[in-house]
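1. Sequence plus predicted model, see below.
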Amino acid sequence: LLTEHQSAGRGRLGRRWLGTLGGSIFLSIDTCLAELPRDIAALPLVVGVCVRRALVAEGVQGALLKWPNDLVARADAGLEKLGGILMELRAEAGGPAHVVIGIGLNLRLPASLRDEVAGTGMPPTDLARLALAHHDRNRLAAGIVAECIRGVGQLCREGLAACHDEWQGADALAGQPVSVQGSGAGLEHGHPGA
């Protein structure tokens, strides 16, 4: 499902996903898996790799992945958010799993929306700033969907190992100290090699 605009887009931890008419890709992929793959928790990473593959196929350079569900690019001030991935999963023990994969991708954000998005967390970037000035949104969306279909099938057959090296090569946080705050009250800190 693709839409030109959304008025109640959701992001991780209850945040809003903001975009503009014609300046974003809002995409949901709904699928049913016959059984729950052993590495289902890695699905956002696999989808991130798939979206990045589609972007690279369109000539985009500099798109990276930030665990668990962000597409980012480096800037002078640090990382800027290019897109996000949100999953919803319903499964029964030993039965099928129903998965909805939501993908939001910034194509061209006006300055006013850039400021509003920056106020919600990470500063944004868009594909226009990553040198994808002339793009065909339908072709890009079709490439993303095709890569995601391949990636989900590969995850079901081979697990995360199938794209592990590609994920690590695109990991924007590799070797960096991180602080993670989940939906609970605690803040966790980690350092490379610790």
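-> Happy to help now that I have it.
2. from here on, contacts and neighbour counts on C-alpha atoms
-> Fine.
3. Can you classify residue 89 by secondary structure?
-> strand (DSSP: H, G, I helix; E, B strand; the rest coil).
4. which element is the residue nearest to it when sequence neighbours are not counted on?
-> In space, and not counting its chain neighbours, residue 89 is closest to residue 99: 4.6 Å by CA to CA, 6 or more residues apart in numbering. Using DSSP states H and E, residue 99 sits within strand 97-106.
5. buried ones in that strand?
-> 97-99, 101-106 (16 or more other CA atoms under 10 Å).
6. Let me know whether the residue nearest to residue 89 touches residue 43 as I believe.
-> No: applying CA atoms under 8 Å as the test, residue 99 and residue 43 come out as separate, 9.9 Å apart.
7. Which residue, other than its chain neighbours, is closest to the residue lying farthest from the centre of the chain?
-> Centroid-distance maximum for the chain: residue 94 at 27.9 Å, with CA atoms, centre = their mean. Nearest non-adjacent residue to residue 94, counting by CA to CA, 6+ apart: residue 35, 6.6 Å away.
8. number of nearby residues for that neighbour?
-> 15 (other CA atoms under 10 Å).
9. same question, residue 129
-> The number of residues packed near residue 129 is 14, by other CA under 10 Å.
10. Distance of it relative to residue 71?
-> Per CA to CA, to the nearest Å, residue 129 is found 14 Å from residue 71.
11. again with residue 176
-> For residue 176 relative to residue 71 (CA to CA), the value is 17 Å.
12. Which one's more surrounded, those two?
-> residue 71 (29 against 11).
13. Surely that one is within a strand?
-> Yes: counting by three-state DSSP, residue 71 is found in a strand.
14. thinking it is in contact with residue 64, fair?
-> Yes: using CA under 8 Å, residue 71 makes contact with residue 64 at a distance of 5.8 Å.
15. Which strands and helices lie in contact with the helix ranked longest in the chain?
-> If you go by DSSP state H, the chain has its longest helix at helix 137-158. The helices and strands touching helix 137-158, judged by 3 or more CA pairs under 8 Å, 6 or more residues apart in numbering; DSSP states H and E, are strand 24-33, helix 43-57.
16. outside of that helix, which residues touch it?
-> 25, 27, 29, 36-40, 43, 46-47, 50-51, 53-55, 58, 162 (CA atoms under 8 Å, 6 or more residues apart in numbering).
17. where in the protein is pLDDT low?
-> 5-19, 118-120, 132-135, 181-186, 191-194 (pLDDT under 70).
18. So which of the helices and strands packed on helix 137-158 is nearest residue 114?
-> Closest to residue 114 of the helices and strands packed on helix 137-158 is strand 24-33 (CA to CA; 12.4 Å).
19. how far does that closest one sit from the chain's center?
-> Taking CA atoms, centre = their mean, to the nearest Å, the mean C-alpha location of strand 24-33 is offset from the chain mean by 12 Å.
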